[in-house]
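Participant: What follows is a protein structure lacking sequence information:
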């Protein structure tokens, strides 16, 4: 033979792998984000799924406090009172709900090293929580961006988010603002404008990772803020600034503890049974809402361009 075949005298690697145990990861999902909005928001427990927001009637001259008369004369003290709204707004918890179906043959036979039902539930719960963050921003009934009043909405000066734009937003939400909420591309665009002006924003560590800040207020990223008008290569979005907490009359998240089948606060998983096709079903429900306690608790910078880049010589 012209070319003698090389005969292996040892076990080949492909053959050896047949007896080896591979280390397996859990299922990885690209769509999982830190969901910082739900972390930064203070959450208020409610009963019966209802949160009633009581407010004071805002009428000019009603309830004004006057100075006491001069001590040099015996005059009557001024009298006043504070009136309440008789029809306060009520917020109802919204349900983000879905049903997980699992073939029992799969969960019975292919259950090691990871429990198939637990893995399916884990990934589905992540999707439900991602949807929750989007609802907190855009829901028509309680979304923070959707329910910001027109008087707290401003436009950018030239398109890209500049330090002047964020300063104007701070001037609107000046009573103890807690954090900005912006798309990661909007935060990057703001960083470019700061670099252009020679004022790079400082960073601060919160809950572990670093956040850019402006005037000491963190810029919190969320990809749930939509980017529109992307056809021209730029894209526009909004940046929010909010005050949070009941004591500060800010923005709060709402949840109901102790729901049936609760696995985490206001999140329940309940077994629905097995049908005649041997498919097991699980009901996954997450109940939540949010409330803006006073109109000046949220400001929005609109039409923020995120695709503008500077040329440096």
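Facilitator: Now that the structure is in, tell me what you want to look at. Keep in mind it's a predicted model, so treat the numbers as computed, not measured. Residues are numbered from 1 along each chain as shown.
Participant: CA atoms for contacts and neighbours, from now on please.
Facilitator: Will do.
Participant: any idea where the strands of the stretch 151-300 of the chain begin and end?
Facilitator: 153-155, 179-182, 203-205, 210-214, 217-221, 236-242, 251-255, 262-264, 267-274, 279-292, 298-305 (DSSP state E, counting those that start in this stretch).
Participant: Would you reformat those strands as CSV and include mean pLDDT, distance to residue 52 and mean neighbour count?
Facilitator: Shown next, in CSV, are these (pLDDT from 0 to 100; distance: least, Cα to Cα, whole Å; neighbours: other Cα atoms under 10 Å):
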stretch, mean pLDDT, distance to residue 52, mean neighbour count
strand 153-155, 98, 25, 17
strand 179-182, 98, 25, 24
strand 203-205, 96, 35, 14
strand 210-214, 97, 34, 18
strand 217-221, 98, 29, 23
strand 236-242, 97, 21, 24
strand 251-255, 98, 11, 24
strand 262-264, 94, 24, 13
strand 267-274, 97, 22, 16
strand 279-292, 97, 10, 22
strand 298-305, 97, 19, 24
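Participant: For those strands, give me JSON lines that also has distance to residue 93.
Facilitator: Listed next are these as JSON lines, based on distance: least, Cα to Cα, whole Å:
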{"stretch": "strand 153-155", "distance to residue 93": "26"}
{"stretch": "strand 179-182", "distance to residue 93": "23"}
{"stretch": "strand 203-205", "distance to residue 93": "32"}
{"stretch": "strand 210-214", "distance to residue 93": "31"}
{"stretch": "strand 217-221", "distance to residue 93": "25"}
{"stretch": "strand 236-242", "distance to residue 93": "21"}
{"stretch": "strand 251-255", "distance to residue 93": "7"}
{"stretch": "strand 262-264", "distance to residue 93": "16"}
{"stretch": "strand 267-274", "distance to residue 93": "12"}
{"stretch": "strand 279-292", "distance to residue 93": "5"}
{"stretch": "strand 298-305", "distance to residue 93": "21"}
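Participant: average pLDDT for the longest helix seen in the chain?
Facilitator: What stands out as the longest helix in the chain, according to DSSP state H, is helix 116-138. Mean pLDDT, computed over helix 116-138, is 97.
Participant: so how far is it from its chain's centroid?
Facilitator: The chain centre lies 13 Å from the centre of helix 116-138; the measure is Cα atoms, centre = their mean, to the nearest Å.
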